[in-house]
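A.B. asks: I would like to see how this sequence folds:
(4 chains)
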Protein chains: 2
Amino acid sequence: MSKENSPSIRALNNPTQVGEETITAVIRALAILDLLGQSEGELGITEISQRLSLQKSTVFRLLNTLMVGEYVRQNPATKKYYLGTHLLRLGMTVLNQIELRKVAQPYLRELMAVCNEVIHLGILEQNEVIYIDKIDVDRPLSMVSRIGGKSPWYCTGLGKVLLAFSPPAVLEELLSKTKLVQFTPNTITDPARLVEHLKQIQAQGYAIDDEEHELGIRCVGVPIRDYQGSVIAALSVSGPTLRMTQDKLKQIIPVIINTGNRISKALGYMG
Amino acid sequence: MSKENSPSIRALNNPTQVGEETITAVIRALAILDLLGQSEGELGITEISQRLSLQKSTVFRLLNTLMVGEYVRQNPATKKYYLGTHLLRLGMTVLNQIELRKVAQPYLRELMAVCNEVIHLGILEQNEVIYIDKIDVDRPLSMVSRIGGKSPWYCTGLGKVLLAFSPPAVLEELLSKTKLVQFTPNTITDPARLVEHLKQIQAQGYAIDDEEHELGIRCVGVPIRDYQGSVIAALSVSGPTLRMTQDKLKQIIPVIINTGNRISKALGYMG
DNA sequence: TATTGCTGTTCCGCTCAGAGGAACAACGTT
DNA sequence: AACGTTGTTCCTCTGAGCGGAACAGCAATA
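C.D. replies: Numbering: from 1, shown residues only, chains lettered A, B, ... in the order given. Got it, this is the predicted structure:
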């Protein structure tokens, strides 16, 4: 989870905010889940109550409730609480509802074998990129990420390619909603320049993230289309700059594009 | 999810049950999540309210709340609701908290390459076996299962081996809590016979599930020990009976045991 | 093109669920 | 033995949130 802030914690302590009709107890329960998720490991009642500024007894009741659903479990020895495997089960359900994964996976494996770098499969959700699959590479130096994890859209290969092929309205909306944060010297933070850049990506059919999100990581993203031709996902190859050289890029970009095309075809896209 | 009944739905409509101090609204929210998980796909408010026998307005408010936490999302076109990727994120967090997975995975892959059958990694939780990893095999006929999924302990290779090496008290407690259901003609439903069987498993160091849970599937389970020597997990090789013949079993059992031992050693067990 | 029957959504008043605070028990530490 | 922790229990009071009904928006019927 790291820096990914959890949305449910926001609305914690402004209960009587009219308009959005929500249930305080549930908001708080979700906040506890988020908190337990963020701090990998166990948390005690006192610590939770402090961090969320809730009453100890309230937290106790909430945790009790979460335990009957097996969303949370209590370590009998330490009396502390941690996330239960029921969440794992639900999470995997979400993952399996995305049928694109099943189609794409063999192609991703093959691509990994060729490129010898980490492969990601991602979709655009809300205003972020979500990784829905990842093929790890067995090399000491490689990108760490997590299925289900998020990344910004304007400075990653996946995100840029997804937006380059989105309807202009989507781009416009995201641009208005998103603050372009300068992660590295290479991050494009000027909206006008970004729009130009995306046009170029659309023209050439692939996006390169040249250390725009994290220094030392370069990556290539290409679009994946459904049977109607709309870009519904993207795949990317990411590696350390010292291996992802201009030479190597020249060599693998056609392969990556080809893989993207073949997945699109497998999804019914006629080209 | 299939037949796995969700614990939180149970306590739905007996609110004033004293003793267990729980929060109705949260119980209901969790029940909605479970329901959405079970019926893979979208559900409308009316359907949810009927299935859980709750008021439509109540369900609406609950869903609204779950949406601010991104636990649930609404399809703008159909207006129906489905599980959000935040659950995926939380689920993967749970999975990554189990560090055993990281250690074991390379060994499991290697074992799959040798046996050419599905490999499972499982732990005992509550009174069931939970799969925490799975290596699929690329063959048309192979076992379907899911990471995070559950299985009974008394009729699977994983479960039997986990219990054979558990302290007697654990076995006793599980025996008293569990009803031994006859899944197939081979399922051992006599507690006395089961106890004998487990003793034999402990002696020989591996468990065979000979179509005891599902007809047509045979599997071999071996224990995995932590640095203290206690059995904390198990791995298994499962395949269709026509491939998992006596001959093949004789051949692969030593390999499987060896893999288990090597993982245990990697976890610090000195043997 | 009305009509009917579905949805999902909004409103509002009454009430009991549940929040809060404090006291309690069971620890390990000083 | 006194203290500072923890998690847990109890009790009281009140406003969150439940239920019920009305509303709106759409689609398929007549």
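A.B. asks: where's the residue of the stretch 151-271 of chain A found nearest chain B relative to DNA strand C, distance?
C.D. replies: Per CB to the nearest CB, A:S151 is where the stretch 151-271 of chain A lies closest to chain B, at 12.4 Å. Backbone N, C-alpha and C define where each C-beta goes, glycine included. For A:S151, the distance to DNA strand C equals 29 Å [CB to the nearest atom of the strand, to the nearest Å].
A.B. asks: Check A:I135 too.
C.D. replies: 37 Å.
A.B. asks: so who does that residue touch?
C.D. replies: A:Q105, A:L108, A:R109, A:L111, A:M112, A:V118, A:I119 (CB atoms under 8 Å, 6 or more residues apart in numbering or on different chains).
A.B. asks: And the first one, its phi and psi?
C.D. replies: In this entry, A:Q105 is assigned phi and psi values of phi -50, psi -50 (degrees, to the nearest 10).
A.B. asks: Find the residue closest to it in space, skipping its chain neighbours.
C.D. replies: A:D133 (6.5 Å; CB to CB, 6 or more residues apart in numbering or on different chains).
A.B. asks: State the phi and psi torsions of the one you found.
C.D. replies: The phi/psi pair for A:D133 (degrees, to the nearest 10) is phi -160, psi 160.
A.B. asks: Domain ranges for chain A, per the record?
C.D. replies: Chain A breaks down into these domains under automatic domain parsing: A:7-91, A:98-266.
A.B. asks: so what secondary structure elements neighbour the longest helix anywhere in chain A?
C.D. replies: Assignment by DSSP state H gives helix A:246-266 as the longest helix of chain A. With contacts defined as 3 or more CB pairs under 8 Å, 6 or more residues apart in numbering or on different chains; DSSP states H and E, the packing partners of helix A:246-266 are helix A:100-115, strand A:217-225, strand A:231-240.
A.B. asks: Make JSON lines out of these and add mean neighbour count.
C.D. replies: What follows is the helices and strands packed on helix A:246-266, written out as JSON lines (neighbours: other CB atoms under 10 Å in any protein chain shown):
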{"stretch": "helix A:100-115", "mean neighbour count": "17"}
{"stretch": "strand A:217-225", "mean neighbour count": "25"}
{"stretch": "strand A:231-240", "mean neighbour count": "25"}
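A.B. asks: Tabulate the ones you listed in TSV, adding columns for mean pLDDT and distance to A:Q246.
C.D. replies: Formatted as TSV, these follow (pLDDT from 0 to 100; distance: least, CB to CB, whole Å):
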stretch	mean pLDDT	distance to A:Q246
helix A:100-115	91	15
strand A:217-225	95	10
strand A:231-240	94	13
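A.B. asks: just to revisit the earlier point, would you single out the least confident of the domains of chain A?
C.D. replies: For these, the bottom mean pLDDT is recorded on domain A:7-91, which sits at a mean of 80.
A.B. asks: can you tell me if that domain touches chain B.
C.D. replies: Yes - Domain A:7-91 reaches chain B (CB under 8 Å from any CB of the partner chain) through A:7-8, A:10-11, A:20-23, A:25-27, A:29-31, A:33-34, A:37, A:40-41, A:60-62, A:64-66, A:68-71, A:82-91.
A.B. asks: Any quick PyMOL command for the buried ones out of those?
C.D. replies: Command for PyMOL that selects the buried part of these, burial taken from 16 or more other CB atoms under 10 Å in any protein chain shown:
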select buried, chain A and resi 7+8+11+22+23+25+26+27+29+30+31+33+34+37+61+62+64+65+66+68+69+70+71+82+83+84+85+86+87+88+89+90+91
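A.B. asks: The residues of domain A:7-91 next to chain B also near DNA strand D: which ones?
C.D. replies: A:T22, A:I23, A:A25, A:V26, A:F60 (CB under 7 Å from any atom of the strand).
A.B. asks: which SS class is the fourth one?
C.D. replies: Read it as A:V26. helix (DSSP: H, G, I helix; E, B strand; the rest coil).
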